[in-house]
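*Asks:* Below is the sequence, then the predicted model.
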Amino acid sequence: MAFQRRRYNYYNRLRRLLPLICGFSGALLILFALLSVFSPPPDDSDRRISKQINYGANDEKHAAVVFRVPRSGGRSDRDIWRSWNADFFHGCCNASTKFPNAKAITRNDRYLAIATSGGLNQQRTGIVDAVVAARILNATLVIPKLDQKSYWKDASDFSHIFQVDWFISFLSKDVKIIEQLPPKGGQTWTPRRMRVPRKCNEKCYINRVLPVLQKRHAVQLNKFDYRLSNKLRDDLQKLRCRVNYHALKFTDPILKMGNELVRRMRLRSKHYIALHLRFEPDMLAFSGCYYGGGDKEKKELASIRRRWKTLHVNNPEKQRRQGRCPLTPEEVGLMLRALGYGSDVHIYVASGEVYGGEESLAPLKALFPHFYSKDTIATKEELEPFSSYSSRMAALDFLVCDESDVFVTNNNGNMARILAGRR
């Protein structure tokens, strides 16, 4: 009986509160209605530009979309040029006392060579992993061969991009490295060529590569990209960091030109943002996303996408909802404005061929008129030693991005991850 009385009292109090709750909710609705009626219209002084989504099709109808350019950034209550969280991060790449010296473990009859794949930063990850793979196999590493045959057609070798002597000496306690295979019986030694699966772990190398290495004494791993697992013991992960952030140093000509580009950006402004803009046609095709260019865009990107026979057909809308699509130049600009960066901010853009050309870049340039690239702050004569080589041009962009006050990317690729680790 006592339980029933308590339940009755509870419902009785609830009935008394219902009119009050309904009245309060009604008042809120009326207040919101009044605000919507009497609120001032948008500021007509905001500049507007008309942007057409056009990717080169002359026979398509394109709807004009009004793009409003905000006058200032979205936040001003903090220092937008400093990250307070950065104080809590520090390097931790030094080897532990339990990590033996290379002289104690390297076998004199084992030589590992690798052939990298992809652009500069993809090849950089391959070089890093090659050093760790040689350490796992207790082998001597031959200076890696860079990719000279793929899409970029860059004839550069390792010594054109990185300082060979520094690379060998800095890692001398970790892995023995030589510039080329020694002759065998007075003749050139041809290593056994093979490939390993992607994300191959320590046990995988021991089981797959070591038996061949013990038998043939020299092995070359081809198309060496992402061929080492991210799940390794701490000392091997630290070795990765030593290679990536300390052993790989650009050559003097690249460093000199890169530092000059940084100096010229600093002359223009005390602070600058570096944007690594991945918006090349092949990049967009690989993503499987749609960017509003109509049937023309769909046909063009589908044609490029057929180069990769193993790619699955993706749902573009699902890809975008899951955040897997590279941001457009316009989206990057709006994001930066929302973070608090105004139109007076100077921005350096590192990019290849931008799909849609100047039309795709127009909204970003409207948001940030102080828009620069290596081509706009250096002369053709200055860039001539680098301009025919995509990897050397990418190295210049890497240096300017590394020295920037803020670094942002529209796609979390190799360069973005490497720079995040460095910074």
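*Replies:* Alright, I've got the coordinates. Quantities reported herein were computed from a predicted structural model and do not represent experimental measurements.
*Asks:* And stretch 172-180, end to end?
*Replies:* Using CA to CA, to the nearest Å, one end of stretch 172-180 lies 16 Å from the other.
*Asks:* buried stuff in it?
*Replies:* Neighbour counts using 16 or more other CB atoms under 10 Å place Asp174, Val175, Lys176, Ile177 of stretch 172-180 among the buried residues. Just so you know, the C-beta spots here come from the backbone N, C-alpha and C atoms, and that holds for glycine as well.
*Asks:* So, low pLDDT: which residues of this structure?
*Replies:* 1-77, 151-152 (pLDDT under 70).
*Asks:* Strands along the stretch 51-200 of the chain, start to end?
*Replies:* Ranges of strands in the stretch 51-200 of the chain, per DSSP state E, counting those that start in this stretch, are 64-68, 111-114, 140-142, 177-178, 192-194.
*Asks:* Could you export those to CSV, including columns for distance to Arg264?
*Replies:* Below are those laid out as CSV (distance: least, CB to CB, whole Å):
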stretch, distance to Arg264
strand 64-68, 30
strand 111-114, 37
strand 140-142, 38
strand 177-178, 36
strand 192-194, 45
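*Asks:* So which residues of the stretch 51-200 of the chain form helices?
*Replies:* 102-105, 120-136, 158-161, 164-170 (DSSP state H, counting those that start in this stretch).
*Asks:* Then the stretch 251-400 of the chain?
*Replies:* Under DSSP H, counting those that start in this stretch, the stretch 251-400 of the chain gives helices at 252-268, 281-287, 294-305, 316-321, 329-339, 357-367, 374-377, 380-387, 390-402.
*Asks:* and the third one, how far from the chain's centre?
*Replies:* Right, the one you point to is helix 294-305. Relative to its chain's centre, helix 294-305 lies at 24 Å (CA atoms, centre = their mean, to the nearest Å).
*Asks:* And it, what does it pack against?
*Replies:* Counting contacts by 3 or more CB pairs under 8 Å, 6 or more residues apart in numbering; DSSP states H and E, helix 294-305 is packed against helix 281-287.
*Asks:* who's in contact with the helix it packs on?
*Replies:* 151, 291, 300-302, 304-305, 307-308, 311, 319, 324-326, 353, 355, 411 (CB atoms under 8 Å, 6 or more residues apart in numbering).
*Asks:* swap the cut-off to 7 Å and go again
*Replies:* Tyr291, Leu301, Ile304, Arg305, Trp308, Gln319, Arg324, Cys325, Pro326, Glu353, Tyr355 (CB atoms under 7 Å, 6 or more residues apart in numbering).
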